[in-house]
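[1] Below are the sequence and a predicted model; questions follow.
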Amino acid sequence: QVQLVESGGGLVQAGGSLRLSCAASGRTFSNYAMGWFRQAPGKEREFVAGISWSGDYTNYADSVKGRFTISRDNAKSTVYLQMNSLKPEDTAVYYCARGSMLPGARRYDYWGQGTQVTVSS
């Protein structure tokens with residue numbers, strides 16, 4: 001059984017930064033690509049960023065490119081999302097997921113419970 005637990009969300013002013021973490025249980029974390037998604041109220045869940053199993057390759061949604069950075073530490077079974085220059089439109093529940101570094105929720109088999117990020121203007 002794989003469990004993904006996100007942390008690091010909170011309330012921040014526009015222009016500020018947050019770092020999300022996603023800790024995975026199990027011994028196979030390093031075998032899988034990982035992704036971050038977000039879902040704002042009344043909107044569909046959308047892809048934010050993805051990273052390959054090795055960390056050598058990353059992929060970003062156009063809306064966050066240049067502001068967000070995804071990384072991972074396989075020794076700690078943790079994937080991170082560093083979010084800089086935050087905007088009110090970044091407000092959402094953020095989820096990490098296992099399985100791919102590409103958009104499309106169907107590519108992912110395990111999901112965390114989510115962490116709320118709220119950006120005030």
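    That came in fine, so what should we check first?
[2] Can you pull up the most central residue in this structure?
    Nearest to the mean C-alpha position of the chain, counting by C-alpha atoms, centre = their mean, stands W36 at 2.7 Å.
[3] Would you confirm that that one contacts M83?
    No. Between W36 and M83 there is no contact under C-beta atoms under 8 Å: 9.6 Å. Using the backbone N, CA and C atoms, a C-beta is placed for each residue, glycine as well.
[4] Quick check: neighbours shared by the two?
    Common contacts of W36 and M83 (C-beta atoms under 8 Å, 6 or more residues apart in numbering): L20.
[5] So what does the residue nearest to the centre of the chain have for phi and psi?
    Per-residue torsions, W36: phi -120, psi 140 (degrees, to the nearest 10).
[6] Pretty sure G10 sits against L18.
    Yes. At 6.4 Å, G10 counts as touching L18 under the criterion of C-beta under 8 Å.
[7] quick one: I70 is in a strand?
    Yes. I70 forms part of a strand when assessed by DSSP: H, G, I helix; E, B strand; the rest coil.
[8] got the contact list for it?
    I70 touches 34, 36, 49-51, 58, 60, 79-82, counting by C-beta under 8 Å, 6+ apart.
[9] Dump these to CSV, plus distance to S25 and pLDDT.
    Listed next are the contacts of I70 as CSV, based on distance: C-beta to C-beta, whole Å; pLDDT from 0 to 100:
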residue, distance to S25, pLDDT
M34, 14, 98
W36, 18, 98
A49, 22, 98
G50, 20, 98
I51, 18, 98
T58, 23, 98
Y60, 26, 98
V79, 13, 98
Y80, 17, 98
L81, 19, 98
Q82, 23, 98
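[10] now those residues: which count as buried?
    Among these, those classed as buried by 16 or more other C-beta atoms under 10 Å are 34, 36, 49-51, 58, 60, 79-81.
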